[in-house]
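Model the structure of this input:
(2 chains)
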Amino acid sequence: MTRSRFESLFGLALLALAACDGRSQASGQGNRRPVTYGAGGSPGGGYGGGGAIGGGPTSVGGEPSGGDATAPGGTPGTGGEPVEAMGGRPILTGPSSGVPACAAVSQSTVVTCLDIDASALIADPARGLLYAVVKGDASEHANELVVIDPEQGTVEASVVVGSDPAALALSDDGTRLWVSLEGALALREVDVTRSPPEPGAQYPLPRLYTEAYAATLVVPAGEPESVAFAYQYEHVNPNAADAVLVDSGMPRAKRLASPPGINALALGPVGYLFGLDDDGNLLTIAVDADGLTATPHASIARGGPSSFVYDDGFLFTSAGQVLDVTAPNTPEVAGTFAESGLVVPHVAASGAVVLTNTYDPSAYDASMPTSTTQALDTIVLRHMSLTSFAADAELALDGHYYDVANLVEPKPGLFAFIDYQIPSAPNLRTVRAAVIVVPAPELAE
Amino acid sequence: MNARVRALWLLTVALGIGCDETTSDTQSCSTDDDCSRVCVFGDCLGATPGPGIADYGSGATYGSGGTYGNGSSAGGTGATTGGSGANAGRASAGRSSSGVSVGGAPGAACAPGSAGELDVGTTPVCLGLQANALVADPSRGKLYAVIGKDDALHANELLVIDPEHASIEASVAIGSNPDALALSDDATRLWVGLHGSFTVREVDLTVSPPAPGAEYPVPPLSFEAQGVYAGRLVVLPGSTESIALSIRCDGCSAEVAVMDAGTPRPNHVSDLSKLAPGPSGYVFGYNDLDTGYDFATLALDASGPTANDIEGLLDGFGTEITYDAGYVFASSGQVLDVSTPDSPVRAGTFDYQGNLVPHAEQQRVVMLSYSPPADVFSTDAATNTLALRELDLSAYRELFETALVGQYTTVHDFVEVKPGLFAFVDSQASAFVTSSPAKGSLYLFRAPDFTE
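Below is the predicted model of the structure:
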């Protein structure tokens, strides 16, 4: 462990966690606050500040001061200076009020909990940054792309990116970020070589017979203007649908038609992608000028993985399998980890980091209303060996979490993921999430 | 008392309700037939207000010294609906969702005052009218409402309403059971669907009072000639005599036809129940009667409409569509970019649903949406609260939200008659169930200035 770095992050975590405490339970119910995106840095400005309609004394941040140490505007650990978003409105950076997703994180845990209601999270290792997107019903950063410095736990920039961003993919040259806009049934490209990132063209998806958006997307190696994506239907079950490759929004002719629908896509070596379909097949997907051609492999991907990730000749599934795809058309099982979960592979170092989340029945509070979503999972990050397929280092996080997604490693030894609060009646739309950053240098290699 | 006020005074007297009647009656105007007490500025014409009964006027200006959401009040207490500050001294009307009176002692709100127009506030004023349909005429600053066949006072009438003073300026007999309205874009013609006689009728608005003119039969459906009526009407862009209508009969699907001074063009388009006027030469249609949820661009020529039918853009039963400046807005929250009318694309989706008034050129939309207080959405009881939202059309997110005082059932015909002055109809029955807007109580409010 790098002691000094750990300590600074620990201090940061405590500050950030002040923003993530349980005050915010009121925010999920009743009248919402006026959306005052303005006035970062001034007392009373920002969310829940002056003039909060329908808020009343119980509203978050309703104090005349605009809150506490977590108020917007340069408080250490809460996000630096306000930045100008598109359209000139000053946008608050950093957390200004707690969300339930952060409430469950123990204050003794050495993590940073960022009150960013992310729908998707991706790492830009070349720049050491995280990109998160937030859907339109969030109380902060609605429909924005948020650039996070994971080491500082600060929001570096945020820009409006479009209607209900739902998924992200970064080109391998690090120049283009592609955003799926669920509300617009479109893809939008963002130039991430600029600071702040500059949203560019928005391309409507080729229409299916009913509403469908790009639920999972990848940018093929060496083709920053191309995106392969799998549709998900909004109102049809099963919701997994076709996969298509588009170049600046124009579809190539050959698509993978459903059924079976494509549930997940992953990069492969140049000229290939991989997929998982509704029938449980692993798909080797050849990419050429005509489009996508899939070769299904039955009985390889076991355990019903929901996602997988590629690194240097190997696929790692969320069900714990490691598949050798060095010969892309003849995948073989290389082994199965003793633990399964979200993976960040380190093939060059013959290892991988696996996040396991485990239901902890002792955390259940029976006195809470049954409609209350409770954080009941414990989380362990483990470094797994690609020779023994067993753990050789681990870090157990204190506290409890809801449901995790999008494990990434923006810098060596620094991990991040989204913790989603599972929606529950009567507020089915009130899905709240937090971005959790975990320094774990002992798992780096 | 001026003439306009007198009109409502007469209405009130006719209902036997006087200012001297003091009562603790908690009768609510959020149900269909009890919205009968009206208090108009400076003239106490209503009974002692009870919860839900909206009253005009008082000495104090609603919200004086504090427009909603302007940040002048510290800490989220001042400008709070049902709170203090902006509401003080005003309007005994209504009830807040918390059950707290909005302010003012019973009876006090009707004291003569100096206010001369509808004040700013979040308590909609219930006019004591049961309207089947409502349109706004912003060019004249008037509302036109049609009243159904079984109304005690205004059966089968077209009413011209001055919203500033909640007064009926004119009422004319219009025909049997009017329940659809459309205004020409030059505001010289109003077209009325007469459900009772299966006709449409044009009204000349250039004279006062408006002069009902020719009445034309609704063209037959391709499969049914009897009992067909205009479910929705639009006047074609740039026209006064040409209309598009969705032809309905009870329990059947809908067809769209175009008529010129009563003469139908030969072609019909099937399965579109909702209409919105588009740019010149186009009308947009949507079918909310089955789960195909087709959206269509209707190109118009001498033979009638031709549909370019597109699935996968909108959804929902009961969804209404509105056009403004290159966009089609759906009450289900979706927004379509129709700047190229033959190739509509989804531009975005608001995370809220409700009737809306678009201001596309200002990149904003005003939406009136339900906020069910419990986990059950009800369409048969006045249990829903309403939230007024300003939404950003470029970022597809909320800019402002405030609750309206009172509880409501099903809202339709949400219109803006003057900047910030809105009206809507609250029906007891859902518009979808009855296949055409059900009659309901007509409400007015002047919204807090949330553009700052």
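
Can you show me the helices along chain A?
A:3-19, A:100-103 (DSSP state H).

how about the strands in the stretch 301-445 of chain A?
With strands called from DSSP state E, counting those that start in this stretch, the stretch 301-445 of chain A shows them at A:308-311, A:314-317, A:321-324, A:332-336, A:342-346, A:351-359, A:377-385, A:391-401, A:403-411, A:414-420, A:433-439.

what's the burial count for the closest residue to chain A within the stretch 101-250 of chain B?
Nearest to chain A, among the residues of the stretch 101-250 of chain B, is residue B:122, at 8.6 Å (CB to the nearest CB). C-betas here are computed from N, CA, C, even on glycine. By other CB atoms under 10 Å in any protein chain shown, the residues close to residue B:122 number 29.

re earlier: please identify the most buried of the strands of the stretch 301-445 of chain A.
strand A:433-439 (a mean of 27; mean count of other CB atoms under 10 Å in any protein chain shown).

how about that strand against chain B, any contact?
No. Strand A:433-439 stays clear of chain B (CB under 8 Å from any CB of the partner chain), getting no nearer than 15.0 Å.

now for that strand, which elements pack on it?
Here strand A:433-439 touches helix A:3-19, helix A:100-103, strand A:112-114, strand A:118-124, strand A:129-134, strand A:391-401, strand A:414-420, going by 3 or more CB pairs under 8 Å, 6 or more residues apart in numbering or on different chains; DSSP states H and E.

Tell me which strands the shortest one pairs with, and in which orientation.
Same thing as strand A:112-114. Each strand paired with strand A:112-114, and its direction, by DSSP bridges: strand A:433-439 (antiparallel).

got the CA coordinates for the partner strand in PDB?
C-alpha atoms of strand A:433-439 as PDB (Å, rounded to 0.1, in the frame of the first residue of the first chain):
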ATOM      1  CA  ALA A 433     -26.900   5.800  -8.000                       C
ATOM      2  CA  ALA A 434     -23.500   6.800  -6.700                       C
ATOM      3  CA  VAL A 435     -20.100   6.500  -8.200                       C
ATOM      4  CA  ILE A 436     -17.700   4.700  -5.800                       C
ATOM      5  CA  VAL A 437     -14.000   5.100  -6.100                       C
ATOM      6  CA  VAL A 438     -11.700   2.600  -4.400                       C
ATOM      7  CA  PRO A 439      -8.000   2.900  -4.100                       C
END
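
what's the angle between that strand and strand A:403-411?
40 degrees (axes from the mean of the first three to the mean of the last three CA atoms, to 10 degrees).

I'd like the distance from strand A:433-439 to the chain centre, please.
Centre-to-centre, strand A:433-439 and its host chain are 10 Å apart (CA atoms, centre = their mean, to the nearest Å).

Report the mean confidence score over that strand.
Here strand A:433-439 scores 88 as its mean pLDDT.

Tell me what angle that strand forms with strand A:391-401.
Using the same axes, to 10 degrees, strand A:433-439 lies at 140 degrees relative to strand A:391-401.

Return the angle between stretch directions for strand A:433-439 and strand A:414-420.
160 degrees.

what's the angle from strand A:433-439 to strand A:129-134?
170 degrees.

Could you tell me the least trusted of the helices of chain A?
Ranked by mean pLDDT, the helices of chain A bottom out at helix A:3-19, which scores a mean of 35.

Share the number of residues neighbouring residue A:421, please.
By other CB under 10 Å, the residues close to residue A:421 number 24.

no wait, residue B:290
A count of nearby residues for residue B:290, using other CB under 10 Å, gives 11.

How about the one 10 residues further on?
Other residues near residue B:300 number 21, with proximity taken as other CB under 10 Å.

Specify the beta-bridge partners of it.
Residue B:300 has these beta-bridge partners by DSSP bridges: residue B:305.

how close does the residue nearest to residue B:356 when sequence neighbours are not counted sit to chain A?
Using CB to CB, 6 or more residues apart in numbering or on different chains and skipping residues adjacent in sequence, the residue nearest residue B:356 is residue B:367, 4.3 Å away. Distance from residue B:367 to chain A, counting by CB to the nearest CB, to the nearest Å: 13 Å.
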